[in-house]
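Colleague: Model the following, please.
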Amino acid sequence: MNPNVRAGVIYLIDWWEKKGWNCMVDLRENVDVMMENISSVLSLELEKIKDASNEDSAPVRG
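Modeller: The predicted model follows:
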């Protein structure tokens with residue numbers, strides 16, 4: 001995971017804690033897992049977009 005992205009997520013969790021949103025505290029311990037899950041979902045969505053794009057450019061058979 002990009003260290004800058006991880007640092008940004010940690011910063012947001014700290015900010016939420018200061019606002020009293022303590023439900024976010026547990027996320028700090030699981031940031032790496034959470035970011036990996038987000039990355040996996042985005043990769044799958046990107047593949048779907050690429051596949052759809054390839055289908056659109058396929059020659060018409062008839």
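Colleague: pull the helix or strand with minimum mean pLDDT from this structure.
Modeller: Among the helical and strand segments of the chain, the one scoring lowest on mean pLDDT, DSSP states H and E is helix 25-29, with a mean of 66.
Colleague: burial count for residue 34?
Modeller: Neighbours of residue 34 under the rule other Cβ atoms under 10 Å: 14. Placement of C-beta: from N, CA and C, glycine included.
Colleague: Likewise for residue 50?
Modeller: 10.
Colleague: do residue 41 as well
Modeller: When counting by other Cβ under 10 Å, one arrives at 10 neighbours for residue 41.
Colleague: tell me the pLDDT at the most centrally placed residue in the chain?
Modeller: Compute the mean C-alpha point of the chain, and by Cα atoms, centre = their mean the closest residue is residue 38, 2.8 Å away. If you check residue 38, the pLDDT there is 77.
Colleague: May I ask which helix or strand encompasses it?
Modeller: Following DSSP states H and E, one finds residue 38 within helix 31-56.
Colleague: Could you give me the buried positions within that helix?
Modeller: Residues residue 31 are the ones in helix 31-56 that count as buried (16 or more other Cβ atoms under 10 Å).
Colleague: do the same with stretch 9-16
Modeller: 9, 13, 16.
Colleague: how much space between the second one and residue 38?
Modeller: Applying Cβ to Cβ, to the nearest Å, the value for residue 13 to residue 38 is 14 Å.
Colleague: for the last one, same thing?
Modeller: Shown here: residue 16 relative to residue 38, a distance of 17 Å by Cβ to Cβ.
Colleague: again, but for the first one
Modeller: In this structure, residue 9 lies at 10 Å from residue 38, with Cβ to Cβ as the measure.
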